[in-house]
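Visitor: Next comes the sequence, and after it the predicted model I'd like to discuss.
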Amino acid sequence: MSNDGAGVPDHEATPQRAKGIVLFVLTFAIFLAGFWIMAVGFDQQSGLIFGGGILASTLGVILPSILEP
């Protein structure tokens, strides 16, 4: 049983690392989708859709802070 320096054995640290990677990928996808929604809202000249894109991008940035303290 090796130690990664944090006092957590490797077999217990792996799920935590996987959770962090999945969280990063999902929130980054939400962040990019928010930019796409903003572009659609700009093209359609719809402030409501554009605002939804801003909210989605904000969620993509804030969500990791909420889920991983």
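Guide: Perfect, I can see it now.
Visitor: Now the top helix by length along the chain: buried residues?
Guide: Secondary structure assigned by DSSP state H gives helix 10-43 as the longest helix of the chain. For helix 10-43, the neighbour count (16 or more other CB atoms under 10 Å) marks T27, I30, F31, G34, I37, M38, G41 as buried. From N, CA and C alone the C-beta is placed, and that goes for glycine too.
Visitor: and the worst-scoring helix or strand of the chain on mean pLDDT, what does it pack onto?
Guide: Lowest on mean pLDDT, DSSP states H and E among the helices and strands of the chain sits helix 10-43, with a mean of 90. Here helix 10-43 touches helix 47-67, going by 3 or more CB pairs under 8 Å, 6 or more residues apart in numbering; DSSP states H and E.
Visitor: how many neighbours does G60 have?
Guide: Using other CB atoms under 10 Å, G60 is surrounded by 19 other residues.
Visitor: residues in contact with it?
Guide: For G60, the contacting residues are T27, F28, A29, I30, F31, L32, A33, G34, by CB atoms under 8 Å, 6 or more residues apart in numbering.
Visitor: rewinding a little: quick check: angle from the longest helix of the chain to helix 47-67?
Guide: Counting by axes from the mean of the first three to the mean of the last three CA atoms, to 10 degrees, helix 10-43 lies at 170 degrees to helix 47-67.
Visitor: Show me how far helix 10-43 is from its chain's centre.
Guide: Here helix 10-43 is found 3 Å from its chain centre; the criterion is CA atoms, centre = their mean, to the nearest Å.
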